[in-house]
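[1] Sequence below, structure please.
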Amino acid sequence: MCLAILNAKNKNSKPIFVPILDIGLKRTKILYSWHPFEENILVTAYDKTIKIINCENQEFVTFNMLGKICSMDMHPNGKIIVCGFGAGEIKLFCSETGEYIKTLKDHKHGVCAIKWSPDGKKLLSGDESGEVIMWDFSAYDFNKK
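    Okay, here's the model as predicted:
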């Protein structure tokens, strides 16, 4: 199985096929998210790691994320990765270092959907029971990270 990467900015670009095993992903279910303004994507295979893959050169960085990842997204500023976990927790990490920042714990079931608002001031999360929570981050300065 391969992850196909295509540079959409270049109409003559051909897809780059990166074998999943080459980047250490062994399962067939994969979550992915685009970095907001760089040529990178985030990839996880429902394991305890996130890989940030550079679409230009196929190099990647791996971060251990402290639990089974069920959903993820990148903050619009590109500096924060947010992950939803099977235990109902949401954790925020620095996208440059993988450093843990904060945990949100209001869900009682696995967080299976998570998405930042385009301005990065709100975060929506949904769990396996159907509960949806909107988190307000308007007072938090993510540019410090």
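[2] which element is Lys108 on?
    In the assignment (DSSP states H and E), Lys108 maps to no helix and no strand.
[3] before we move on, what about Leu92?
    strand 90-94.
[4] Partner strands of that strand and their direction?
    strand 80-85 (antiparallel), strand 100-104 (antiparallel) (DSSP bridges).
[5] ranges for the helices of this protein?
    Remark: no helices are assigned in the chain by DSSP state H.
[6] which stretches of it aren't confidently modelled?
    1-38, 45-47, 142-145 (pLDDT under 70).
[7] still on that earlier bit, could you dump the strands paired with strand 90-94 into TSV with distance to Glu128 and mean neighbour count added?
    (Glycine included, C-beta is placed from N, CA and C.) Converted to TSV, the strands paired with strand 90-94 look like this (distance: least, CB to CB, whole Å; neighbours: other CB atoms under 10 Å):
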stretch	distance to Glu128	mean neighbour count
strand 80-85	10	24
strand 100-104	16	14
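[8] To Val132, which of those strands lies closest?
    Taking CB to CB, strand 80-85 is the member of the strands paired with strand 90-94 nearest to Val132, at 11.9 Å.
[9] residues in contact with the closest one?
    42, 50, 63, 65, 67-75, 90-95, 101, 107, 110-114, 116, 123, 125, 127, 142, 145 (CB atoms under 8 Å, 6 or more residues apart in numbering).
[10] can the strands paired with strand 90-94 go into JSON lines with extra columns for distance to Glu59?
    Output for those, formatted as JSON lines (distance: least, CB to CB, whole Å):
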{"stretch": "strand 80-85", "distance to Glu59": "18"}
{"stretch": "strand 100-104", "distance to Glu59": "24"}
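[11] between the ones you listed, which gets nearest to Ile133?
    strand 100-104 (8.3 Å).
[12] Contacts for that closest one next, please.
    Contacts for strand 100-104 (CB under 8 Å, 6+ apart): Leu66, Ile80, Glu89, Ile90, Lys91, Leu92, Phe93, Cys94, Ser125, Trp135, Lys145.
[13] mind redoing it with 6 Å?
    Glu89, Ile90, Lys91, Leu92, Phe93 (CB atoms under 6 Å, 6 or more residues apart in numbering).
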